[in-house]
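Enquirer: take a look and give me a structure for this.
(one chain, ligands or ions: 1)
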Amino acid sequence: MGAVSESGTNRAFNLLTLPGDGIGSEIIDETLRVVAWFSDYLDVPIDIEHDIVGGASIDEHGVPITDAVVQKANCADAILFGAVGGPKWDGLPRAARPEMGILRLRKELDLFANLRPAVNFPEIVAASSLRPELVESIDIMIVRESTSGVYFGEPRGIETNEKGMRRAVDTQAYDEAEIARVCRAAFEIARRRGGRLCSVDKANVMETGALWRTIATEIGQDNADVELSHMYADNCAMQLLREPKQFDVIVTDNLFGDILSDEAAALSGSLGLLPSATLHMADPERPKRALYEPIHGSAPDIVGKGIANPLASILSFGMCLNYSLRNSAAADLLTQAVRRVLAQGFRTADIAAAGEKAVTGSEMTDSILAALNELAEDSPRMMEA
Ligand code: NAD
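Expert: Next up is the predicted model:
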């Protein structure tokens with residue numbers, strides 16, 4: 001099964017890797033071992049191209065991402081992204097910092113739906129800061145609008161007013177098309193999961209919130225098979241801690257999504273286990289452009305030690321199997337492999353309990369590949385899309 005071209009013929013799947021900075025290249029190298037395994041197992045030719053972004057690109061080209069890399073990303077079937085940033089570039093002005101590389105990619109590729117699962121693997125339930133009975137087996141998908149809202153709204157800036165006082169302005173603005181497309185994507189995702197969607201806003205105090213709720217309700221009328229509910233963002237922040245199992249899919253704007261998805265991440269227990277996908281989901285069955293990345297950063301404190309946990313990046317490739325290669329059985333196989341190695345007791349340092357032996361990032365990947373081989377022997381090959 002290759003990617004299907006517009007002419008209907010099979011062609012190789014084009015994967016662009018952008019490892020970025022810090023532990024980015026360590027985790028991407030490990031992930032590529034898993035990519036190679038699936039390429040072989042599924043008989044999918046995967047053409048891999050590598051390039052630079054973030055601080056690495058600033059050092060080489062003076063900008064966090066070049067036009068040429070944006071162009072390559074636009075043509076790729078999917079992008080595997082590592083992480084960007086680090087102390088070396090902390091002193092740069094905001095517009096020149098490594099993080100602008102990922103923001104520009106999201107904006108120029110119109111990657112408007114950011115999907116962040118918050119899953120608690122029962123095998124490491126103790127790693128969560130909440131009581132096990134609250135978080136065990138949670139499976140929440142947060143869909144965050146990621147190309148508009150207050151992070152992009154104009155006007156913005158810091159000015160000095162007539163009294164000589166500094167004054168800062170950000171603008172939260174959404175048009176109905178921006179809200180509608182991310183809501184449609186979220187309904188589609190909810191339909192493929194538990195069939196429940198909670199739309200989160202501040203309709204009580206914000207104009208954008210009121211429009212958000214109106215549009216979500218309108219889109220809901222065309223998707224009546226999915227149960228739609230609404231919740232204020234502050235209540236959602238509380239409910240995620242009080243009773244997280246009530247949620248299936250959450251859809252919300254850029255700012256609330258940023259905060260709520262980090263909060264949900266804490267339910268899972270480790271940054272090193274959390275993947276994400278950012279998709280242009282005009283047709284959720286076939287996203288044209290897609291970027292997959294772990295939610296953690298470049299972890300400068302552990303770079304070069306070989307101890308970075310590759311699982312968040314490997315699970316991000318699992319989302320690529322699901323959403324770009326459209327093979328949910330293969331994605332499930334990878335999740336099963338992760339659960340098997342966790343059940344076998346393999347832990348990188350970030351998820352090891354006190355006194356537990358920790359393996360290196362590379363040893364963790366070895367155990368994932370071994371588990372995949374075992375699982376593959378037990379299940380028929382999944383050649384189909
Ligand atoms: P971070 O996620 O890099 O690290 C937080 C803590 O978690 C550190 O102790 C780190 O060692 C640990 N950690 C993170 N990933 C890990 C992994 N895979 N395995 C084991 N431990 C892991 O966040 P930070 O320290 O706040 O930021 C460091 C840099 O990363 C900053 O420059 C920040 O701007 C950048 N950052 C980038 C992204 C991105 O590229 N999307 C996201 C967040 C932060």
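
Enquirer: in the stretch 1-150 of the chain, which spans are helices?
Expert: 24-42, 55-61, 67-75, 99-108, 132-135 (DSSP state H, counting those that start in this stretch).

Enquirer: need those in CSV (columns: distance to R192 and mean neighbour count).
Expert: From N, CA and C alone the C-beta is placed, and that goes for glycine too. Below are the helices of the stretch 1-150 of the chain laid out as CSV (distance: least, C-beta to C-beta, whole Å; neighbours: other C-beta atoms under 10 Å):
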stretch, distance to R192, mean neighbour count
helix 24-42, 20, 21
helix 55-61, 36, 19
helix 67-75, 26, 15
helix 99-108, 23, 20
helix 132-135, 23, 15
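
Enquirer: weakest of the ones you listed in terms of mean pLDDT?
Expert: Ranked by mean pLDDT, the helices of the stretch 1-150 of the chain end with helix 132-135 at the bottom, a mean of 87.

Enquirer: what does that helix contact?
Expert: 120, 125-126, 128, 243-245, 267-269 (C-beta atoms under 8 Å, 6 or more residues apart in numbering).

Enquirer: buried subset of these, written for PyMOL?
Expert: The buried subset of the contacts of helix 132-135, as determined by 16 or more other C-beta atoms under 10 Å, is captured in PyMOL by this line:
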select buried, resi 120+125+128+244+267+268+269
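
Enquirer: how about low-confidence regions in the protein?
Expert: Along the chain, segments meeting pLDDT under 70 span 1-10, 283-287, 380-385.

Enquirer: how about 50 then?
Expert: Low-confidence segments of the chain (pLDDT under 50): 1-9, 384-385.

Enquirer: return the residues of it in contact with the ligand.
Expert: 23, 27, 83-86, 99, 102, 271-272, 296-302, 308-309, 312, 350 (C-beta under 6 Å from any ligand atom).

Enquirer: please name the nearest non-neighbouring residue to whatever residue of the stretch 1-150 of the chain ends up closest to the ligand.
Expert: Among the residues of the stretch 1-150 of the chain, G85 lies closest to the ligand, at 2.6 Å counting by C-beta to the nearest ligand atom. If the residues on either side of it in the chain are set aside, G85 comes closest to P98, at 4.6 Å by C-beta to C-beta, 6 or more residues apart in numbering.

Enquirer: re the thing from before, redo the helices of the stretch 1-150 of the chain as JSON lines? Include distance to R340.
Expert: Listed next are the helices of the stretch 1-150 of the chain as JSON lines, based on distance: least, C-beta to C-beta, whole Å:
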{"stretch": "helix 24-42", "distance to R340": "14"}
{"stretch": "helix 55-61", "distance to R340": "34"}
{"stretch": "helix 67-75", "distance to R340": "33"}
{"stretch": "helix 99-108", "distance to R340": "32"}
{"stretch": "helix 132-135", "distance to R340": "20"}
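
Enquirer: re the thing from before, pick the one among the contacts of helix 132-135 closest to D40.
Expert: Lowest distance from D40 to the contacts of helix 132-135 (C-beta to C-beta) belongs to S268, with 30.0 Å.

Enquirer: which ones are touching the closest one?
Expert: 118-121, 127-128, 135, 138, 274.

Enquirer: mind picking the one among these that's closest to I368?
Expert: Using C-beta to C-beta, those come closest to I368 at F121, 13.4 Å.

Enquirer: my read is that the closest one contacts L342, right?
Expert: Yes. Counting by C-beta atoms under 8 Å, L342 is a contact partner of F121 at 5.6 Å.

Enquirer: show me the contacts for E123.
Expert: Contacts of E123 by C-beta under 8 Å, 6+ apart are 339, 342-343.

Enquirer: take those and keep only those in helices.
Expert: 339, 342-343 (DSSP state H).

Enquirer: those into a markdown table, with extra columns for distance to V226?
Expert: Shown next, in a markdown table, are those (distance: C-beta to C-beta, whole Å):
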| residue | distance to V226 |
| --- | --- |
| R339 | 28 |
| L342 | 32 |
| A343 | 33 |
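
Enquirer: of those - the most surrounded one?
Expert: With neighbours taken as other C-beta atoms under 10 Å, the top of the ones in helices among the contacts of E123 is L342, carrying 20 neighbours.
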